[in-house]
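S.K.: Sequence and predicted structure below; questions after.
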Amino acid sequence: MASSCSQALRHHVCKSSRILRVHLQKAWPNRSFVLNPAADQQPAVSSPEEEIVIPKKKTWSKEAVLQALASTVNRDPTASDYRFQDDPYLTPKTSSEFKLFSLSQESGRNAAKYFISTYPKYFQKDYAQPHIPCLMPETLEAQIEEVSEAALIERIQMRKVKAAVDLYDQLQQAGTPVSLDVTNQLLDLICFYGDCDPAQENVPEQRNEETEDVQDEPQTKKGRASKASDKLKAAWKENNNAERIFALLSEPNTHSYSALIRGMVKYGAYSKAFSTYTDLLNNQLKADVSTFNALITAAPEVKEKYNEKWELIVDLLKQMAEQKVKPNLLTLNAVLKALRRCGTVGKSQAFPVISEMRALSIDPSLASYNHLLSIFYKPGAPFQGQTDILQEVMNEVSGKSFTPQDPDDAQFFITAVRICLDTKDIEQAYRVHELLGVGENWRLLGNDFQQNIYHARFFSLLCMMENIDVVLKWYRDLVPSVYYPSSNVMRDLLQALDTDNRLDLIPQIWKDLKQLGHGNRQTLVEELLTLMAREKQNQEVQETFAECALDIKKMYDTGDRGKVMMSWTAGSLSDLVSVLLAAQRRQDAWEILKLFKTHNRVPSEELLDKFLTCIKESGDVNQALELVQISAGFCLPGTPKLIQRVQQEFLLSEQQKSMLSDLEIQTFNSD
Amino acid sequence: MYRRLLININQVRNRLIHTHNTRLTLPSTKCKERESFAPVAWAPCAARPLGTSSISFSENKESSTSLSEDKGKTAEENEVNAEVNTDGQRNTEMNEGTEISNATLTSQLETEPVVKPEDRKQVEKTKSGKESLLELLGAMKVEVTTVRKIRPSKTPRMSERPNQEPMESTHSMFQRATAEGSQQHGTLNPELVAAVSAAASTLPNRHQAESELLKQLRKHEAIPDTQRRADIGHIISDMKVGKRPNGRSNVRPTSQIRFDDDGKGYTQDRGITSELDGVRRRKSPFTSKRLNLFAAAAEQDALSDLGPTLWDIDLVNQIVQATNQMPRNGFEEMIQWTKEGRLWLYPINNEAGLEEEASVPFHEHVFLEKHLDESFPQQGPVRHFMELVITGLAKNHHLTVQQKKEHIDWFRDYFRQKEDVLKEAEAYLN
């Protein structure tokens, strides 16, 4: 009944809509263009043939509500990182504090975990009412003592390489057969850890421990180098347990070969991996996709010439196709990564590879784009006519939200912004930054260290290319909630201020500098002083400059505990004096002038000349004389001129006159 | 304008080539003079692919200095001329800058032929050289920029790139313009002075000529600043800062002559029509042809049914470590806790916390008659009672199906135990 009713209704709607459409078209023939699309859709929706599928149940993910709520929260540029919001006292102000606090938080977690795992017997009480497994201590000791396959499986799951190998040997000696699957798992374990017991699991935060914020560029190299050395630390040993156990297998299958080849590639036995692969082919077996991925990664290592490398990769891909192995995203990324080391061949073949994978409905991930960019923009090499590649890549990725699929995904943003910085392409930099805001892409920016590099590059590009208002807008937005600029970047900012003639902002920047912990960077502080002393500003600005200069002087005097003390140079002292003189702070300037003597620096003649002019405005004869004495004390060649000026421009008493003439004679004699 | 220029160039070149043999005595000074002036006068445009004029000028210079390869040269020159021609046609209008340069060039070219007749003496030749020099200097513009934003230290690469982006080339132009401007403040450019003395050394009355030339140069220095500013202002106002449209590959052969941003030809070149053209023609490298190694519909690889291997787990682990997993706000932290199983699930429907009963359909809860099988009497008070019990149980949402069954079982046992009593009371009918 109900269904027939709805059928009738649907027909009616359909008919009436058609009638309506006809009427409308008749009434406004000239507007049919506008109406058509909307009107045409209606019958399509309500056509009786089409089945409307009502889902039985809409399944939401467990976090759906929380995700919806989280999406309503925007970043607060005035707040510090969420990690530190629990304790306002621990809000980091400098990059070193940030590092310290985040690392200590992480290490506290690790310590707790360590104690729970080491002394599980004290943590057995289960407080949680539905049981929460992740809060309970993990079992780190093997429970099964007897020699059996179950015990072997347990040791494999606990990733105890040595114990598992020993047990396997015992089983072999006892003549107990071990199933192929378990043996393969054992091989996986041995190959994965390169026949060594795994070290304590390291936490992502710990990796950046030794990194400093002084300079960005060398550090990335250092970081990479250390990572590479970690990998190479344990090399594949001849006839290790994996090879031995593999040799014991009567009928190794694809999985066994895969484990062995992947282990060999991971631990640098590249040519051996290829010979194992030939072995696999001789045994009439097929390789799996991960084996091919590993071999493609190894391909650039075994060949010398670019062409040969590429031919080997193509050969491997052809064999994949022959063996009906479907490549995956990691294959694409492995090929592109290998092409990075193929010079010009890489440039010509990168795009066909991507098209090939597209045809197999494998969409590139950010790692693929990262490799692509690295192929076309070698760091340090001249880039000619390749600016388009970044643009093309940005056209491809703009507005898309990416999920992490490859460990190299996190390199994309750094690479992209490096290229923007190298090519001075602010437009693309904005697009890169925009992409970062899409969806979950912010996760792909990587860890704190990478975030710092990214923001440093982005911000120095801004300082270079944008006018100061825009730069300051970004500065307020990024610093210090997500980014603690290094002193180099702050110097860029000062230069940007200089070029746009906004030196009046210097006192503000100085406050930030102090807070960011750069108050004792001598070169930076000296640059600041030079900028303030260089030109004469209006009275108000001069006043703030003078305050700022005195603040800087305090920085010289005290010096934070444990930090490097700055030492006065003649340049910085005279800059300071000129700033103070320009603000009519003669007394303060006089104090500074005395510092020349205590720090064994020599003031320049122009400075003393300037000072005398300033004294003259106030008409303080005694100070003028003292100034002359100071000048004479330094044996400056300009002293006679100063004496002359004082004699001419000031009203002197007899005594003072005689003193001056004495000085004159003195200087004359010393000449 | 271009046409005339071209004709001039050709005439001059031919004559130059012929006369050069006769002037063999002087080529060195001639070259020196030209070479020393070329960089000074054309510095702002020499490195950029600015104008046809600058290129033809250098062509001209080349031809005048090279004496041997006449034939090859002319062929090449014709080619260049053809190119110039097309460019000239394309660019119907010219900006001021090029006009100036053209004017200078023509003036120089027009003065050149005076030298040509073979019986002329050296003095006269050099004199005309001097005249041309003066002309050249007179046509020279001192460029001073009012633009503050220059960073020579940060933009060192720009001058090296032959195929620059429009934005950058404006930058570099400013940079050079200022560099020159600053050089010419105060004293004369030492290069100019050197050139002047070199030119003067060819004349008989050397000192006089030199001072004359320098005087002429100083006159330029005396041009008031305001006029210069107006000059550069004019140029700037004429200038269009080209914004490169997205996704268009502007690949040109480097040999091709191209106008700079301040030429009108530029705007025409990148006008709306050409932009539309570009969109139509746009070919992303991402759509390039594939390698054709794999069959398009390769069948899905049989997934290993053993579950994730150690390698898969490690890959996930690596990805997690590489990416930023720090929560940005409280909700994200709660999401993280939910994933770890530390937080009670946020109710997303009315079945939250329904773990053990999740697989039990509702009718198991509601229709409990099937449990009242033959172990209970088919009628009578016990049956009636049990029907009430299952009605109550059907409405009870606190008990699981298992508990309901146990409840019924309890009654079954109970009535079985009390069977005697019930039979006595005639309540147990079967």
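M.R.: Yes, it's here.
S.K.: In stretch A:315-330, which residues are buried?
M.R.: Neighbour counts using 16 or more other C-beta atoms under 10 Å in any protein chain shown place A:316, A:317, A:319, A:320, A:321, A:325, A:326, A:327, A:328, A:329, A:330 of stretch A:315-330 among the buried residues. Where C-beta positions appear, they are placed from N, C-alpha and C, glycine not excepted.
S.K.: Now do the SS call for the residue nearest to the fourth one when sequence neighbours are not counted.
M.R.: Leaving out its chain neighbours, the residue that sits closest to residue A:320 by C-beta to C-beta, 6 or more residues apart in numbering or on different chains is residue A:292, at 5.2 Å. Taken by DSSP: H, G, I helix; E, B strand; the rest coil, the conformation at residue A:292 corresponds to helix.
S.K.: What is the neighbour count of residue A:292?
M.R.: Residue A:292: 25 surrounding residues under other C-beta atoms under 10 Å in any protein chain shown.
S.K.: circling back: got TSV for the buried residues of stretch A:315-330, with secondary structure and pLDDT too?
M.R.: Supplementary listing: these in TSV, determined by DSSP: H, G, I helix; E, B strand; the rest coil; pLDDT from 0 to 100:
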residue	secondary structure	pLDDT
A:316	helix	93
A:317	helix	92
A:319	helix	91
A:320	helix	90
A:321	helix	89
A:325	coil	87
A:326	coil	88
A:327	coil	89
A:328	coil	91
A:329	helix	93
A:330	helix	93
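S.K.: Report the two of those separated the most.
M.R.: Among the buried residues of stretch A:315-330, the pair separated by the greatest distance (C-beta to C-beta) is A:319 and A:329, at 19.2 Å.
S.K.: So which elements touch whichever strand or helix holds residue A:276?
M.R.: Secondary-structure assignment from DSSP states H and E places residue A:276 in helix A:270-282. Packing contacts for helix A:270-282, counted by 3 or more C-beta pairs under 8 Å, 6 or more residues apart in numbering or on different chains; DSSP states H and E, involve helix A:254-266, helix A:289-302.
S.K.: Just the buried residues of the last one, please?
M.R.: For helix A:289-302, a neighbour-count test (16+ other C-beta under 10 Å) marks A:289-301 as buried.
S.K.: what residue ranges in the stretch 101-250 of chain A are flagged as low confidence?
M.R.: A:199-234 (pLDDT under 70).
S.K.: who in it is up against chain B?
M.R.: If contact is defined as C-beta under 8 Å from any C-beta of the partner chain, the residues of the stretch 101-250 of chain A in contact with chain B are A:130, A:132, A:133, A:134, A:135, A:159, A:181, A:185, A:188, A:189, A:192, A:204.
S.K.: Low-confidence bits of chain B, can you list those?
M.R.: For chain B, the ranges with pLDDT under 70 are B:1-193, B:195-196, B:199-206, B:209-210, B:212-283, B:296-307, B:429-430.
S.K.: hmm, stretch B:343-356 touching chain A?
M.R.: Yes: under the criterion of C-beta under 8 Å from any C-beta, stretch B:343-356 makes contact with chain A via B:344, B:345, B:346, B:347, B:348, B:349.
S.K.: hmm, back to that, show the average pLDDT along the helix holding residue A:276.
M.R.: On average, the pLDDT along helix A:270-282 is 92.
S.K.: Could you tell me the angle between it and helix A:289-302?
M.R.: Interaxial angle of helix A:270-282 relative to helix A:289-302 (axes from the mean of the first three to the mean of the last three C-alpha atoms, to 10 degrees): 140 degrees.
S.K.: got the CA coordinates for helix A:270-282 in CSV?
M.R.: Presented in CSV, the C-alpha positions along helix A:270-282 are these (Å, rounded to 0.1, in the frame of the first residue of the first chain):
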residue,chain,number,x,y,z
TYR,A,270,73.3,-4.6,-2.2
SER,A,271,75.0,-6.8,-4.7
LYS,A,272,74.2,-9.8,-2.4
ALA,A,273,70.5,-8.8,-2.5
PHE,A,274,70.6,-9.0,-6.3
SER,A,275,72.3,-12.4,-6.3
THR,A,276,69.7,-13.6,-3.9
TYR,A,277,67.1,-12.4,-6.2
THR,A,278,68.6,-14.3,-9.1
ASP,A,279,68.5,-17.3,-6.8
LEU,A,280,64.8,-16.8,-6.3
LEU,A,281,64.2,-16.6,-10.0
ASN,A,282,66.2,-19.8,-10.5
